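# Quick check, what structure comes out for this input:
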Amino acid sequence: MTFMGIYLLTALIIQENGADVAVGIDERNGKYGFEIYGIIREKYRAHLTSEGLYDSEEIAEIEGRKTLDSILSLDLRKKRKELNEILGEEKEMIGKIIEASEE
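Here you go, the predicted model:
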(Lines give C-alpha, C1' and ligand atoms only; values in the text may rest on other atoms or scores of the structure.)
Protein backbone atom coordinates (compact mmCIF):
# COMPACT_ATOMS: atom_id res chain seq x y z
CA MET A 1 0.00 0.00 0.00
CA THR A 2 1.36 3.45 -0.88
CA PHE A 3 0.67 7.01 0.26
CA MET A 4 1.96 9.97 -1.75
CA GLY A 5 3.84 7.45 -3.91
CA ILE A 6 5.73 5.89 -0.97
CA TYR A 7 5.13 2.62 0.78
CA LEU A 8 3.14 2.55 4.00
CA LEU A 9 6.02 0.80 5.76
CA THR A 10 8.41 3.59 4.73
CA ALA A 11 6.03 6.24 6.09
CA LEU A 12 5.65 4.32 9.36
CA ILE A 13 9.42 3.92 9.73
CA ILE A 14 9.95 7.65 9.14
CA GLN A 15 7.27 8.57 11.65
CA GLU A 16 8.45 6.13 14.31
CA ASN A 17 12.21 6.68 14.06
CA GLY A 18 12.59 10.31 13.11
CA ALA A 19 14.22 11.48 9.92
CA ASP A 20 16.10 14.32 8.32
CA VAL A 21 16.89 15.58 4.83
CA ALA A 22 20.23 15.44 3.02
CA VAL A 23 20.91 17.09 -0.34
CA GLY A 24 23.28 15.93 -3.04
CA ILE A 25 24.12 16.46 -6.67
CA ASP A 26 23.17 13.92 -9.32
CA GLU A 27 26.35 13.33 -11.34
CA ARG A 28 24.30 12.24 -14.37
CA ASN A 29 22.62 15.58 -14.94
CA GLY A 30 24.27 18.07 -12.55
CA LYS A 31 21.01 18.78 -10.75
CA TYR A 32 20.26 18.37 -7.06
CA GLY A 33 18.15 15.79 -5.32
CA PHE A 34 17.29 14.98 -1.74
CA GLU A 35 17.25 11.96 0.49
CA ILE A 36 15.10 11.43 3.55
CA TYR A 37 17.10 9.38 6.01
CA GLY A 38 17.27 8.28 9.59
CA ILE A 39 19.91 7.06 11.98
CA ILE A 40 18.76 3.75 13.41
CA ARG A 41 21.06 1.91 15.78
CA GLU A 42 23.86 4.29 14.87
CA LYS A 43 23.58 3.39 11.18
CA TYR A 44 22.56 5.65 8.31
CA ARG A 45 19.32 4.41 6.74
CA ALA A 46 18.08 5.94 3.49
CA HIS A 47 14.28 5.88 3.48
CA LEU A 48 13.41 7.85 0.35
CA THR A 49 15.63 9.27 -2.40
CA SER A 50 14.65 11.72 -5.14
CA GLU A 51 16.16 12.02 -8.58
CA GLY A 52 18.28 15.06 -9.37
CA LEU A 53 15.46 17.39 -10.37
CA TYR A 54 16.33 20.72 -8.81
CA ASP A 55 18.54 23.54 -10.04
CA SER A 56 19.95 24.41 -6.62
CA GLU A 57 20.73 22.85 -3.25
CA GLU A 58 18.31 25.27 -1.62
CA ILE A 59 15.37 24.21 -3.77
CA ALA A 60 16.18 20.51 -3.23
CA GLU A 61 16.32 21.12 0.54
CA ILE A 62 12.98 22.95 0.52
CA GLU A 63 11.32 20.18 -1.51
CA GLY A 64 12.85 17.49 0.71
CA ARG A 65 11.57 19.23 3.84
CA LYS A 66 8.10 19.61 2.29
CA THR A 67 8.05 15.89 1.52
CA LEU A 68 9.25 14.98 5.01
CA ASP A 69 6.68 17.29 6.61
CA SER A 70 3.94 15.72 4.49
CA ILE A 71 4.94 12.23 5.60
CA LEU A 72 5.11 13.28 9.25
CA SER A 73 1.66 14.86 9.02
CA LEU A 74 -0.03 11.71 7.72
CA ASP A 75 -2.50 10.26 10.20
CA LEU A 76 -1.57 6.58 10.11
CA ARG A 77 -3.25 5.55 13.38
CA LYS A 78 -5.90 3.53 11.57
CA LYS A 79 -3.26 1.77 9.46
CA ARG A 80 -1.16 0.99 12.56
CA LYS A 81 -4.25 -0.52 14.21
CA GLU A 82 -5.00 -2.58 11.09
CA LEU A 83 -1.42 -3.85 10.99
CA ASN A 84 -1.57 -4.81 14.67
CA GLU A 85 -4.78 -6.73 14.03
CA ILE A 86 -3.29 -8.51 11.03
CA LEU A 87 -0.07 -9.41 12.83
CA GLY A 88 -1.74 -10.35 16.09
CA GLU A 89 0.43 -12.55 18.27
CA GLU A 90 3.07 -12.80 15.56
CA LYS A 91 3.99 -9.12 15.74
CA GLU A 92 6.63 -9.69 18.45
CA MET A 93 8.37 -12.31 16.32
CA ILE A 94 8.16 -10.08 13.24
CA GLY A 95 9.56 -7.17 15.28
CA LYS A 96 12.54 -9.32 16.31
CA ILE A 97 13.16 -10.32 12.69
CA ILE A 98 13.06 -6.67 11.60
CA GLU A 99 15.41 -5.66 14.41
CA ALA A 100 17.86 -8.42 13.49
CA SER A 101 17.82 -7.36 9.83
CA GLU A 102 18.74 -3.79 10.79
CA GLU A 103 21.97 -4.83 12.52
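# what's the distance between T67 and R28?
T67 sits 21 Å away from R28, going by CB to CB, to the nearest Å. Backbone N, C-alpha and C define where each C-beta goes, glycine included.
# what about these two, which has more around it?
T67 (19 against 8; other CB atoms under 10 Å).
# The more buried one sits in which helix or strand?
helix 57-73 (DSSP states H and E).
# So what touches that helix?
3-4, 6, 11, 14-15, 19-23, 32-36, 48, 50, 53-54 (CB atoms under 8 Å, 6 or more residues apart in numbering).
# Could you turn the buried ones of the residues you listed into a PyMOL selection?
A single PyMOL command selects the buried members of those (16 or more other CB atoms under 10 Å):
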select buried, resi 6+11+14+19+21+23+32+33+34+35+36+48+50+54
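# any residues touching the helix or strand hosting G38, and which ones?
Using DSSP H and E, G38 sits in strand 32-40. The contact list for strand 32-40 (CB under 8 Å, 6+ apart) reads 13-14, 17-26, 44-57, 59-61, 63-64, 67-68, 71, 102.
# Can you list the low-confidence ranges for the protein?
1-4, 84, 87-103 (pLDDT under 70).
# what about the residue nearest the centre of the chain, which SS state?
Nearest to the geometric centre of the chain sits H47, at 3.7 Å (CA atoms, centre = their mean). Following DSSP: H, G, I helix; E, B strand; the rest coil, H47 is assigned to strand.
# Was I right to think it contacts A19?
Yes: contact criterion CB atoms under 8 Å: H47 and A19 qualify, at 6.1 Å.
# ok so, going back, list the residues that contact the residue nearest to the centre of the chain.
Counting by CB under 8 Å, 6+ apart, H47 has contacts 10, 13-14, 19, 35-38.
# Apply 7 Å and report the result again.
10, 13-14, 19, 36-38 (CB atoms under 7 Å, 6 or more residues apart in numbering).
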